[in-house]
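**Q** okay, predicted coordinates and the sequence, questions at the end:
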Amino acid sequence: MLNKAFSTFPMLTTERLTLRQLSESDVQEIFLLRSDKTINKFLNRKPSETLDDALSFIKNIRSNELLYWAVTQTKSEKLVGTICLFDLSDELSKCEIGYELLADHQGKGIMSEALQKVVGFAVDTVGVKTIEAFTHKENHSSTKLLEKLNFKRINIVEETNPNLLLFRLSN
Ligand SMILES: CC(C)(COP(=O)(O)OP(=O)(O)OC[C@H]1O[C@@H](n2cnc3c(N)ncnc32)[C@H](O)[C@@H]1OP(=O)(O)O)[C@@H](O)C(=O)NCCC(=O)NCCS
């Protein structure tokens, strides 16, 4: 996906944050994120059970050249969360977005700041017209975040999982 639009990974910065490419040195933090029961509660994914699982995940992300950012606070290299644009349509007009933050870094506005930057990048640089996010109906932090960023709830029932709500941002 990345190859189609960019020759190098698009690093992004905000007032407090640097969004950079995921690296194998992020293995410990990726393991923390992907093995955390609270973070995984509303995410339909296989949890990481070992550091090797986390490393395989990172290798897979990097080999597929996805638009998957490690969210860091600019003063530190350490990953505190991730954001990904995925399922980019062939004509680059539509994609999905996903995000997560380590527990210690929630409640500080980090994801709102990061998401705003990535949405701006998707629209202004990639030319995406529609960004969608599926979130569990009880995932109130995620719903609040999407509404803050002006995503609108679309009233459709996701057949494969009726607990998911669809939010859409259209340009
Ligand atoms: C979804 C998720 C990223 C939201 O994290 P979050 O910390 O609530 O979101 P933000 O970083 O935008 O922080 C917002 C909070 O920080 C507070 N805040 C503190 N300082 C702030 C600042 N400088 N600017 C903005 N908000 C600030 C806000 O008031 C808000 O708190 P509130 O929810 O109590 O009102 C997080 O809950 C998570 O990782 N969940 C698990 C993974 C997941 O479910 N992902 C979604 C998949 S669809």
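**A** Nice, thanks for sending it over. Numbering: from 1, shown residues only.
**Q** CA only for contacts and neighbour counts going forward, please
**A** Noted.
**Q** what's the first helix or strand after the helix or strand of the chain with the lowest mean pLDDT?
**A** For the chain, scoring each helix and strand by mean pLDDT, DSSP states H and E identifies helix 2-5 as the least confident one, at a mean of 58. Sequence order places strand 12-13 as the next helix or strand after helix 2-5, per DSSP states H and E.
**Q** so which elements touch whichever helix or strand comes after that following strand?
**A** Read in the C-terminal direction, the helix or strand following strand 12-13 is strand 17-21, with elements assigned using DSSP H and E. Helices and strands touching strand 17-21, by 3 or more C-alpha pairs under 8 Å, 6 or more residues apart in numbering; DSSP states H and E, are strand 12-13, strand 67-73, helix 110-121.
**Q** would the longest one count as contacting the ligand?
**A** The reference is to helix 110-121. Yes: against the ligand, helix 110-121 shows contacts by C-alpha under 6 Å from any ligand atom at 110-112.
**Q** now that helix: buried residues?
**A** Burial within helix 110-121, assessed by neighbour count using 16 or more other C-alpha atoms under 10 Å, is assigned to 110-115, 117-119.
**Q** residues from this protein in reach of the ligand?
**A** Checking the chain against the ligand by C-alpha under 6 Å from any ligand atom, the hits are 39, 42, 98-101, 106-112, 134-135, 141-142, 145.
**Q** so the residue nearest to the spatial centre of the chain is in which element?
**A** Among the residues of the chain, the one closest to the centroid is Ile83, at 2.3 Å (C-alpha atoms, centre = their mean). Assigning secondary structure by DSSP H and E places Ile83 in strand 79-86.
**Q** tell me what that strand is packed against?
**A** With 3+ C-alpha pairs under 8 Å, 6+ apart as the test, strand 79-86 has helix 27-35, strand 67-73, strand 94-101 packed against it.
**Q** got the contact list for it?
**A** Counting contacts by C-alpha atoms under 8 Å, 6 or more residues apart in numbering, the residues outside strand 79-86 that touch it are 26, 29, 33, 66-73, 95-102, 105, 114-115.
**Q** mind checking which of these are buried?
**A** So, by 16+ other C-alpha under 10 Å, the buried ones in those are 26, 29, 33, 66-73, 95-102, 114-115.
**Q** coming back round to it: got the buried residues of helix 110-121 as TSV, with pLDDT columns?
**A** Supplementary listing: those in TSV, determined by pLDDT from 0 to 100:
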residue	pLDDT
Ile110	98
Met111	98
Ser112	98
Glu113	98
Ala114	98
Leu115	98
Lys117	98
Val118	98
Val119	98
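**Q** redo those residues as JSON lines? Include distance to Arg168.
**A** Supplementary listing: the buried residues of helix 110-121 in JSON lines, determined by distance: C-alpha to C-alpha, whole Å:
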{"residue": "Ile110", "distance to Arg168": "21"}
{"residue": "Met111", "distance to Arg168": "17"}
{"residue": "Ser112", "distance to Arg168": "16"}
{"residue": "Glu113", "distance to Arg168": "18"}
{"residue": "Ala114", "distance to Arg168": "18"}
{"residue": "Leu115", "distance to Arg168": "14"}
{"residue": "Lys117", "distance to Arg168": "17"}
{"residue": "Val118", "distance to Arg168": "15"}
{"residue": "Val119", "distance to Arg168": "12"}
